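> just coords:
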């Protein structure tokens, strides 16, 4: 399997360095370079790319805006944002980028980002409608409210948590009980959006507003729901989260 890649960066040295590093991965074929969003859109309209390495700080339309534009297309390419600035980490997840890597490029970090792409491609192939049943993965979660079963979209979920023996899903304004265990939710929810930050919590990373260092290597996540909920991140998961966010 060969994945066609496009590098979008207004700095030639950065494009050259990334192209050189990608040559070490025999399943990646860099077949295009662009210096701005306009050039990138022209190339993307002419050829199907599997991966786009997209700089954020560019003249005209920036990388975040281009990423939003591409995500509105049917079957968009996987996007890895590249930048010299750490401050864009949360924005990267808000626009559904696969990963976020910092300049100067680190080969190990690049390999981790590509591994995510490969995993997502395998999952994407596995989510194709079944030829016999016509079914696909369901993107709504059943919850209980006032004796009724309701279905909520993943996008409505801020986090899921355990309270004694019960599991609840927190939306913008309320907590609703679900019959799933946290482990079942972890497998069911989109793994590019949701992350198990603690044995008792799964968080929608696109709902995180702030990451606050806490005690002994742990963190607290401040969410952008109505209550500005605070969710703890365990020490072990904090290391994974920092790697995931590229910080």
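Good, I have the coordinates. Values in this document were obtained by computation on a predicted structure and should not be read as measured data.
> Quick check: closest non-adjacent residue to residue 239.
Leaving aside its sequence neighbours, residue 239 sits nearest to residue 217 (CB to CB, 6 or more residues apart in numbering; 7.8 Å). (Each C-beta comes from the backbone N, C-alpha and C, glycine too.)
> Give me the buried positions along stretch 73-80.
Within stretch 73-80, the residues scored as buried using 16 or more other CB atoms under 10 Å are 77-80.
> and which of the residues you listed is nearest residue 173?
Ranked by distance to residue 173 (CB to CB), the buried residues of stretch 73-80 are led by residue 79 at 31.5 Å.
> Can you classify the closest one by secondary structure?
strand (DSSP: H, G, I helix; E, B strand; the rest coil).
> wait, doesn't it sit right on residue 67?
Yes: counting by CB atoms under 8 Å, residue 79 touches residue 67, with 5.4 Å between them.
> Which neighbours do those two have in common?
Residues touching both residue 79 and residue 67 (CB atoms under 8 Å, 6 or more residues apart in numbering) are 54, 95-97.
> Mind putting these into a markdown table with distance to residue 108?
Shown next, in a markdown table, are these (distance: CB to CB, whole Å):
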| residue | distance to residue 108 |
| --- | --- |
| 54 | 20 |
| 95 | 25 |
| 96 | 24 |
| 97 | 19 |
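> Let's see which of those residues end up in helices.
Of the shared contacts of residue 79 and residue 67, none are assigned to helices by DSSP state H.
> Which pair in the residues you listed has the greatest spatial separation?
54 and 96 (12.2 Å).
> Common neighbours of those two, please.
67, 79.
> Next up, phi/psi of the residue most central in space within the chain, please.
The residue lying closest to the centre of the chain (CA atoms, centre = their mean) is residue 192, at 4.0 Å. In terms of degrees, to the nearest 10, the main-chain angles of residue 192 are phi -90, psi -10.
> residue contacts, it?
Here residue 192 is in contact with 96, 98, 116, 120 (CB under 8 Å, 6+ apart).
> rerun at 7 Å
By CB atoms under 7 Å, 6 or more residues apart in numbering, the contact list for residue 192 reads 96, 98, 120.
> State the distance from it to residue 206.
10 Å (CB to CB, to the nearest Å).
> what does residue 153 give?
In terms of CB to CB, residue 153 sits 13 Å off from residue 206.
> more crowded one of these two?
Set residue 153 next to residue 206 and count neighbours by other CB atoms under 10 Å: residue 206 wins out with 19 against 10.
> thought the more buried one was touching residue 94?
Yes: using CB atoms under 7 Å, residue 206 is in contact with residue 94, at 5.2 Å.
> Tell me if the residue nearest to residue 239 really is in a helix.
No: assigned with three-state DSSP, residue 217 falls outside any helix and is coil.
> Neighbours of it, how many?
12.
> Hmm, it is touching residue 236, no?
No: in this structure, residue 217 is not within contact of residue 236 by CB under 7 Å, at 9.1 Å.
> tell me, what's touching these two both at once?
Between them, residue 217 and residue 236 share no contacting residue, judged by CB under 7 Å, 6+ apart.
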